[in-house]
Structure formats: C-alpha cells, structure tokens
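Participant: sequence below, structure please.
(2 chains)
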There are 2 protein chains.
Amino acid sequence: MTPQEMLDVAVAEARQGLAEGGIPIGAALFSSDGVLLGSGHNRRVQNDDPSVHGETDAFRNAGRQRDYRSTIMVTTLAPCWYCSGLIRQFGIGAVIIGENRTFDGGQHWLAEHGVQVTLLDDPRCVTMMTDFIAANPVLWNEDIGVSE
Amino acid sequence: MTPQEMLDVAVAEARQGLAEGGIPIGAALFSSDGVLLGSGHNRRVQNDDPSVHGETDAFRNAGRQRDYRSTIMVTTLAPCWYCSGLIRQFGIGAVIIGENRTFDGGQHWLAEHGVQVTLLDDPRCVTMMTDFIAANPVLWNEDIGVSE
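Facilitator: Take a look at the predicted model:
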C-alpha cells in the first residue's frame, strides 16, 4: 500500500464523521506490510466524548497490540499534542499526515524523538478542514482546547 | 479541598480498578474550587481497550468542558506522554501526582509549558504500583508501550 492509499482510509473515516454531524478528522493504524489494524474518527459530537480524536479512535479499534514500533498511524490532520503523546508513548514508528495547514501540533517533536513523519499535503484534507473550521469555529476551538 | 483529599478520589478509583482485575491507576478532574468534574481509572484489561488510561477516563467522564485552564487533574501515577499530551492540548492548568517513583512520563515537560505540577509522593500510591508491577510485569510493559 502506498501512503496515499493508506490516507484514503483515513479520509473515508473523516467523511463518515462529517456525515454523522461530527468533526471531520479520520485516522487509521496499519502494520508495516499494509494490513489495516484499525481505523476511526473524531467522536466529540457523536458520542459527546471529548477524549475520542481520530487517532485515539483508530488506536482503540486496533485493539491491544504488543509492539507498535513497526506500525504506521495515518491521519487526515497533523496530530495534536494529545495524539502526538499517544504516538510517542506507545512507540508507533511512523506517522503519515494528510495536511498541517489548518492545524499544527506535535509533528516536529515526534520527528525529533525518532518517529518517521511523512506530510502528504493532500488537497482533499485541506479543503475538508478549511471548510469545517470556517463553518464551525466554536466547535473546532473546543476540540483543540482553545478557550474563547 | 486539599491536594491530598483530591488524591484520595484518584486512589479510590485505582483501588476499584485493581478490584476489577485491572491496572491500578486512577485519576480525577476537579474545578478550581474543588468540585469533582469526573473521575476514572485505567481500563485496558476490563474493557480490553488500550486507549483508556486513568487520566483519559477521568477526562471523558468529566464531559465536554469549554475551558480547562482552571481545572486540576489528579492522578495516582505520573502521567505518561499520552496523558501529558492530553493535559497540554486541553490547557489543564494544574496536575497533582500521587507518585513518580515507579514511572516518570511528561511531568517536567508539562511544568516547562506552564502547568502547575505538585508531587505528593504518597506511600499508598508507591506501594500499590510497586506491588502491581512486580506481580504483572508483562501487562505493565504493555500499558506503557515497552516491548519485550
């Protein structure tokens, strides 16, 4: 699987989240040989649960894994500090990022700590988040912990 | 409420987790005036869910909050990078830590980024984790992303 094909899975998750009335951020965890371990999307609105970001949902849905070093986390949006902390703590080896134009979290910190970071700058991801943030600024700020 | 009284809530959560056969780490989120917003404990074993640490469970159970700056996260064990990232991203203002003898995550990083960190070095917390890790080293390593 190419990075772009992996990102397609995360984009499909983000679009599903948008269709559910939620924040359109999706993610997926793959093994090094391209097997999908789990995918998910932000569920703040749908589940009324602030703890479920795209990456944490994908991580949960992948179930308990004994070793994350060879796994790849793919996400439509640059991981926030919460999700960057998840990636670092569990030693996920690589991160593929759809875009970081609308938000920038811990990607450089992850790279400094040995995570292989790939930025695809995918126009679908940029458009999806730009449109969402413009239409829902309060909800978006809530999701990244920015107070009014 | 004193820091010690807040920690008591987290210790009760950790003990509940232990009684359920889980990893004994508990946490609670309080408002600045001592109102309990939510508490929780690690649920890796109970829910077969690697994404639920003590702090993330307490954060979830506190529901959606609009501003975390004046809130206080109390945890029986020093927060790992995952939970430290949560605290930083959502701007939680203060962290009270039961102990950091058995595990040390991002507490210094949080302090560098303006979080008020209080370490209580509570003997109950030290004993609980020391005994648990000695009896369950494989499970403990799984929870902190250490591969064999």
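Participant: so A:Ser147 versus chain B, what's the distance?
Facilitator: A:Ser147 sits 4 Å away from chain B, going by Cβ to the nearest Cβ, to the nearest Å. Bear in mind the C-beta positions are built from the backbone N, C-alpha and C, glycine included.
Participant: quick check, that residue in contact with B:Thr71.
Facilitator: No: counting by Cβ atoms under 8 Å, A:Ser147 does not reach B:Thr71; the two are 11.4 Å apart.
Participant: out of those two, which sits in the busier spot?
Facilitator: B:Thr71 (22 against 12; other Cβ atoms under 10 Å in any protein chain shown).
Participant: which phi and psi does that one have?
Facilitator: phi -90, psi 160 (degrees, to the nearest 10).
Participant: below-threshold pLDDT in chain A: ranges please.
Facilitator: Filtered on pLDDT under 70, chain A yields no residues whatsoever.
Participant: chain B contacts on that one?
Facilitator: Contact residues, chain A versus chain B (Cβ under 8 Å from any Cβ of the partner chain): A:44, A:48-51, A:56-57, A:59-60, A:63-69, A:80-86, A:88-91, A:105-106, A:142, A:144-145, A:147-148.
Participant: selecting buried members of those residues in PyMOL, what would you type?
Facilitator: To isolate the buried members of the residues of chain A next to chain B in PyMOL, using 16 or more other Cβ atoms under 10 Å in any protein chain shown:
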select buried, chain A and resi 44+49+50+51+56+57+59+60+65+68+80+81+82+83+84+85+86+88+89+90+91+105+106+142+144+145
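Participant: could you list the buried residues of the helix or strand A:Asp131 falls within?
Facilitator: Following DSSP states H and E, one finds A:Asp131 within helix A:123-135. Neighbour counts using 16+ other Cβ under 10 Å place A:Arg124, A:Cys125, A:Val126, A:Met128, A:Met129, A:Phe132, A:Ile133 of helix A:123-135 among the buried residues.
Participant: next one: stretch A:4-22
Facilitator: A:6-11, A:13-18, A:22.
Participant: what does it rub up against?
Facilitator: Applying Cβ atoms under 8 Å, 6 or more residues apart in numbering or on different chains, the external contacts of stretch A:4-22 come out as A:23-28, A:30, A:34, A:36, A:39-46, A:54, A:58, A:72, A:74-76, A:96, A:98, A:120, A:122, A:124-125, A:128, A:132.
Participant: in helices, which of those residues appear?
Facilitator: Among the contacts of stretch A:4-22, the members falling in helices (DSSP state H) are A:Gly54, A:Ala58, A:Arg124, A:Cys125, A:Met128, A:Phe132.
Participant: ok, now which ones touch A:Gly54?
Facilitator: A:10, A:13-14, A:17, A:25-27, A:40-42, A:75-77, A:83 are the contacts of A:Gly54 under Cβ under 8 Å, 6+ apart.
Participant: 10 Å instead?
Facilitator: By Cβ atoms under 10 Å, 6 or more residues apart in numbering or on different chains, the residues touching A:Gly54 are A:10, A:13-14, A:17, A:23-28, A:39-43, A:73-77, A:79-80, A:83.
Participant: now, which of these lie within strands?
Facilitator: Members of the contacts of A:Gly54 lying in strands (criterion: DSSP state E): A:Gly26, A:Ala27, A:Ala28, A:Ser39, A:Gly40, A:His41, A:Met73, A:Val74, A:Thr75, A:Thr76, A:Leu77.
Participant: any idea how far the fourth one is from chain B?
Facilitator: Relative to chain B, A:Ser39 is positioned 14 Å away (Cβ to the nearest Cβ).
Participant: burial check on that residue, number of neighbours?
Facilitator: Neighbour tally, A:Ser39, other Cβ under 10 Å: 22.
Participant: these two touch, right, it and A:Ile25?
Facilitator: No: checked against Cβ atoms under 10 Å, the pair A:Ser39 and A:Ile25 is beyond contact range at 12.0 Å.
Participant: shared neighbours, those two?
Facilitator: Taking Cβ under 10 Å, 6+ apart as the contact rule, A:Ser39 and A:Ile25 both touch A:Ala10, A:Glu13, A:Gly54, A:Asp57.
Participant: which of those residues sits closest to chain B?
Facilitator: Nearest to chain B among the shared contacts of A:Ser39 and A:Ile25: A:Asp57, at 8.0 Å, using Cβ to the nearest Cβ.
Participant: so that closest one touches A:Gly38, yeah?
Facilitator: Yes: using Cβ under 10 Å as the test, A:Asp57 is close enough to A:Gly38 to be in contact (8.3 Å).
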